[in-house]
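# Pasting a predicted model and its sequence here:
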Amino acid sequence: MIVCVCNNVSDKAINRAVAQQGVRTFAQLRQVTEVATCCGKCARCAKQVLKAALAEQAEQQHVPLSGLGFA
């Protein structure tokens with residue numbers, strides 16, 4: 001799904017940024033994908049997708065979410 005219409009950023013792009021580029025924070029995500037850098041209406045959804053991607057990666061690596069600052 002498209003998360004950011006202004007910059008055409010999809011949930012898949014966010015997942016790739018986490019998995020392949022090591023994105024861990026919303027600030028890093030904005031820098032890498034340009035999500036939420038125009039009108040900002042997608043910020044809430046982008047943060048939710050980022051959180052889910054980080055949780056999935058942590059589960060795959062068996063890292064507790066508390067180590068990622070989401071506890």
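It's in. Residues are numbered from 1 along each chain as shown.

# and the residue lying closest to Cys39 once chain neighbours are set aside, how many residues sit next to it?
Distances taken as CB to CB, 6 or more residues apart in numbering place Cys6 nearest to Cys39, at 5.6 Å, with adjacent residues excluded. Glycine gets a C-beta too; all of them are placed from N, C-alpha and C. Cys6 has 15 neighbouring residues, counting by other CB atoms under 10 Å.

# Go ahead and confirm Cys6 touches Thr33.
No - in this structure Cys6 lies outside contact range of Thr33 using CB atoms under 8 Å: 11.5 Å.

# Next, show the common contact partners of these two.
Among the neighbours of Cys6, none is also in contact with Thr33 (CB atoms under 8 Å, 6 or more residues apart in numbering).

# Show me the shaky parts of the chain.
Residue ranges of the chain with pLDDT under 70: 63-71.

# Show the residue spans covered by the helices in the chain.
Using DSSP state H, the helices of the chain run over residues 11-21, 26-33, 43-61.

# got CSV for those helices, with distance to Met1 too?
Output for the helices of the chain, formatted as CSV (distance: least, CB to CB, whole Å):
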stretch, distance to Met1
helix 11-21, 5
helix 26-33, 14
helix 43-61, 9
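
# would you turn the ones you listed into JSON lines with mean neighbour count?
Below are the helices of the chain laid out as JSON lines (neighbours: other CB atoms under 10 Å):
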{"stretch": "helix 11-21", "mean neighbour count": "17"}
{"stretch": "helix 26-33", "mean neighbour count": "17"}
{"stretch": "helix 43-61", "mean neighbour count": "16"}
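
# still on that earlier bit, need the contact list for the residue nearest to Cys39.
Contacts of Cys6 (CB under 8 Å, 6+ apart): Thr37, Cys38, Cys39, Cys42.
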